[in-house]
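Engineer: Take this sequence and fold it.
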Amino acid sequence: MMYRNTDSWVLHADVYGTPEGFEVFVEVPGVLLEDIDLEVTPLTLSISGMKRTPCRGATALGIEIQTGSFEREIHLPARVDTSSVSADLKNGVLHVRLARKTPVRVTIPVQSEGNTNK
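Structural biologist: You can find the predicted model right below:
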């Protein structure tokens, strides 16, 4: 029998670029929706949560299934609109969709002291 030696585990993720933004797929087998937390900044996606032990109240004789807390920060290659994020969980895969932030162009007038010409 094997025994795991940690109470945390690593999330595996794939990140894809689309014309609209980014799609992130994260393997979270056995994790309940209510045990996943997402946080987004313009350049990062943070995923954290807890995978619970499948059997409680019994003596463990062999433990190979990874359980415990998890945390993963994914750095995004471009800014995203933090108000346009959606996610769903299906068959143990978390799918997060992030829309690219449209760059805002601002024209800034340059002035010089003593120069009154326009």
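
Engineer: Only C-alpha atoms from now on, for both contacts and neighbour counts.
Structural biologist: OK.

Engineer: pull the helix or strand with minimum mean pLDDT from this structure.
Structural biologist: Every helix and strand in the chain was compared by mean pLDDT, DSSP states H and E; the lowest is strand 68-75, with a mean of 93.

Engineer: where along this protein do the strands fall?
Structural biologist: Secondary structure of the chain, counting by DSSP state E: strands at 13-17, 21-27, 36-41, 44-51, 68-75, 80-90, 93-100.

Engineer: Just the buried residues of the first one, please?
Structural biologist: Yep, that's strand 13-17 we're talking about. Val15 (16 or more other C-alpha atoms under 10 Å).

Engineer: Mind listing the strands that strand pairs with, and their directions?
Structural biologist: With DSSP bridges as the test, strand 13-17 is paired with strand 21-27 (antiparallel).

Engineer: quick one: contacts of the strand it pairs with?
Structural biologist: The contact list for strand 21-27, computed with C-alpha atoms under 8 Å, 6 or more residues apart in numbering, reads 11-17, 80, 92-100.

Engineer: List buried residues within the residues you listed.
Structural biologist: 15, 80, 93-100.

Engineer: Out of these, which comes closest to Glu34?
Structural biologist: When these are ranked by distance to Glu34 (C-alpha to C-alpha), Leu94 comes first, at 12.4 Å.
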